[in-house]
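> pasted the sequence and its predicted model underneath.
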Amino acid sequence: MSETKYCINCGKAIPTNATFCPFCGATQDKVASTEDQNTITSEQHNTPNQPEHVNMWTALKLGMRQTFTWSQRITRPQYWWLYLDLVLISLVLTIVLGIRAYSYPAFILSPLHVNVLQTVLLLIFSALMVWTSVMQFTASARRLHDSNRSAHYLWFYLLPLVGPILIIVFLCQRSEPAEKRFDRLASQPKPWTHKWWTWCLLVLLTLGYAALINITARDTAMDAALTTTSKSATTNSDDSYSDSDSEESSDSTDYDSDSESDSDSITIGDDDIDIADQKAYSTSFTDSSWAKSTFKIDKVTVYKTDGTYTSGSGNDKKDFNGVVKVHMSIHAGQDISAYPTQAKLSTNDGQQVEADMDSDDFDGDLNSGTDSDGNLYFVLSKLSSVKDITSIRLKWDASYDTDDYDDDNAYKTFDTTLNLN
């Protein structure tokens with residue numbers, strides 16, 4: 001069998017005495033003596049730049065020294081030890097610096113705002129991540145060289161799913177005898193740290209990476225702000241609908257029953273009040289005599305609580321076992337201010353109370369043409385039976401702005417008595 005060597009260009013096996021490659025036509029080096037050739041052949045199976053003991057530290061030193069080296073080779077153990085180093089370094093950088101770098105933008109162009117500390121942190125994190133990425137990329141090229149493949153195989157990364165899998169398979173291949181063809185341009189006049197273009201490239205990549213992180217952080221912050229606003233609006237809307245649904249359900253119950261209903265509790269503010277008995281009354285109070293506005297009271301419900309409850313605090317603290325709920329609606333014929341939630345209620349059994357502060361907020365300044373309605377709650381300190389309340393008297397104030405000092409109608413105190421039967 002004739003002895004062979006490998007083409008310095010394409011890596012294919014050719015006769016030892018060939019001066020050019022019959023496959024690619026590349027001129028070959030002068031043929032060495034048989035003894036030298038045997039030596040070369042035996043050395044071709046040796047691993048390139050292989051230290052006696054490969055470990056994480058030696059692989060990292062080699063990767064740092066050859067950050068911008070493309071033409072040489074790196075063995076399989078060296079590559080995968082370096083890969084483990086870079087994965088651990090990236091993980092530590094992400095935990096220590098990356099999480100904060102992505103948390104909020106370091107600078108905003110419009111309007112111009114720069115957070116100096118965040119910008120410095122962002123640039124440091126970006127520079128270190130770019131350096132490790134370049135180190136990993138060039139090491140992959142040298143590993144492909146060691147398996148007798150061109151670095152152009154890295155273009156396979158652009159193929160979705162299949163490409164990265166193929167690259168991993170290639171990177172796991174053993175060293176090939178013909179791989180030394182990639183060492184012909186291995187000489188470097190000086191290390192990469194002494195070359196201006198390597199630093200320029202690192203700076204440009206760092207600025208690009210930092211800009212990408214800053215854009216991501218800005219978008220994340222904006223999304224978080226919009227989500228918070230949306231949740232707040234949704235919560236308020238849900239609370240409003242919940243209150244409305246609760247009122248409608250309670251009102252429907254009031255109409256459907258004149259004595260006990262299926263409801264076992266009512267909610268006043270944040271408190272749930274258990275109900276032992278209740279009685280609902282339909283009323284037909286309507287007053288349209290003032291300021292082109294209409295006030296209506298269409299239902300009143302008397303509740304007997306299941307036990308004694310406490311309202312207020314401090315000197316205003318009092319116990320109660322009864323509740324009167326009054327439903328009122330208002331149509332404003334002009335701009336008015338009405339305050340039924342500050343009304344006073346007196347009962348036929350001699351009790352006088354003010355509207356509870358947890359009554360529905362439906363009054364105040366009302367613009368012309370608006371409609372508003374809600375429930376007023378009055379707590380009674382003593383109630384033996386819901387049938388004991390046969391009539392109530394209700395008083396509240398209202399007013400409107402005017403420049404006519406002789407207009408005695410600008411202030412109005414409503415006073416009505418409702419018979420419950």
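Arrived safely.

> any stretches of the stretch 151-300 of the chain with poor pLDDT?
By pLDDT under 70, the weakly predicted segments of the stretch 151-300 of the chain are 177-189, 225-263.

> do you have the strands of it handy? List them.
For the stretch 151-300 of the chain, the strands defined by DSSP state E, counting those that start in this stretch cover 265-268, 271-290, 293-311.

> the second one: how far from the chain's middle?
On the basis of C-alpha atoms, centre = their mean, to the nearest Å, strand 271-290 sits 45 Å off its chain's mean C-alpha point.

> circling back to that earlier point, can you tell me which of the strands of the stretch 151-300 of the chain is most buried?
Ranked by mean neighbour count, the strands of the stretch 151-300 of the chain are led by strand 293-311 with a mean of 18 (mean count of other C-beta atoms under 10 Å). Just so you know, the C-beta spots here come from the backbone N, C-alpha and C atoms, and that holds for glycine as well.

> partner strands of that strand, with direction?
Next to strand 293-311 in the sheet, as set by DSSP bridges, lie strand 271-290 (antiparallel), strand 318-331 (antiparallel).

> reformat those strands as CSV; add distance to Val169.
Shown next, in CSV, are those (distance: least, C-beta to C-beta, whole Å):
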stretch, distance to Val169
strand 271-290, 66
strand 318-331, 76
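
> ok, which of those strands comes nearest Gln78?
For the strands paired with strand 293-311, the distance to Gln78 is smallest for strand 271-290, at 70.7 Å, taking C-beta to C-beta.

> in this protein, which residue is most central in space?
Most central in the chain under C-alpha atoms, centre = their mean is Ala224, positioned 4.6 Å from the mean C-alpha point.

> give the contact list for the closest residue to Thr198 other than its chain neighbours.
Counting by C-beta to C-beta, 6 or more residues apart in numbering, Thr198 lies nearest to Trp192, which is 4.6 Å off, once chain neighbours are set aside. Contacts for Trp192 (C-beta atoms under 8 Å, 6 or more residues apart in numbering) come out as Thr67, Phe68, Thr69, Thr198.

> quick one: the first one from Trp196, how far?
Between Thr67 and Trp196 the computed distance is 15 Å (C-beta to C-beta, to the nearest Å).

> what do you get for His327?
Computed as C-beta to C-beta, the His327 to Trp196 distance reads 83 Å.

> more neighbours: these two, which one.
Each of His327 and Trp196 has its neighbours counted (other C-beta atoms under 10 Å); His327 has more, 20 against 7.

> wait, that one sits on Asn375?
Yes. At 5.4 Å, His327 counts as touching Asn375 under the criterion of C-beta atoms under 8 Å.

> confidence score at Thr416?
At Thr416, the model reports a pLDDT of 94.

> was I right to think Lys304 contacts Ile275?
Yes. Counting by C-beta under 8 Å, Lys304 does reach Ile275; the two are 7.1 Å apart.

> residues contacting the nearest residue to Asp360 once chain neighbours are set aside?
Excluding the flanking residues, the one nearest Asp360 by C-beta to C-beta, 6+ apart is Gly374, at 3.0 Å. By C-beta under 8 Å, 6+ apart, the residues touching Gly374 are Glu247, His327, Met328, Thr341, Ser359, Asp360, Asp361, Phe362, Asp363.

> how about Gly374, secondary structure?
Under DSSP: H, G, I helix; E, B strand; the rest coil, Gly374 falls in the strand class.

> report how many residues lie close to the nearest residue to Cys172 once chain neighbours are set aside.
The shortest distance from Cys172 to any non-neighbouring residue, by C-beta to C-beta, 6+ apart, is to Arg76 (7.1 Å). Neighbour count for Arg76, taken as other C-beta under 10 Å: 17.

> show me what the residue nearest to Asp360 is bridged to.
Beta-bridge pairing for Gly374 (DSSP bridges): Met328.

> roughly how far apart are it and Ser284?
For Gly374, the distance to Ser284 equals 19 Å [C-beta to C-beta].

> please apply the same query to Ile167.
84 Å.

> what's the answer for Lys299, then?
Noted for Lys299: a distance of 10 Å to Ser284, by C-beta to C-beta.

> tell me how many other residues crowd the nearest residue to Pro22 once chain neighbours are set aside.
The shortest distance from Pro22 to any non-neighbouring residue, by C-beta to C-beta, 6+ apart, is to Ile14 (6.4 Å). Using other C-beta under 10 Å, Ile14 has 21 other residues around it.

> cool, the one 3 residues further on as well?
For Asn17, the count of nearby residues is 11 (other C-beta under 10 Å).

> just Asn321 next, same as before
Asn321 is flanked by 19 other residues according to other C-beta under 10 Å.

> now do the one 4 residues further on
Counted by other C-beta under 10 Å, the residues lying close to Lys325 total 23.

> run the chain-centre distance for stretch 201-214.
25 Å.

> what's that stretch in contact with?
Under the contact criterion C-beta under 8 Å, 6+ apart, stretch 201-214 has outside partners 101-102, 105-107, 122-123, 125-127, 129-131, 133-134.
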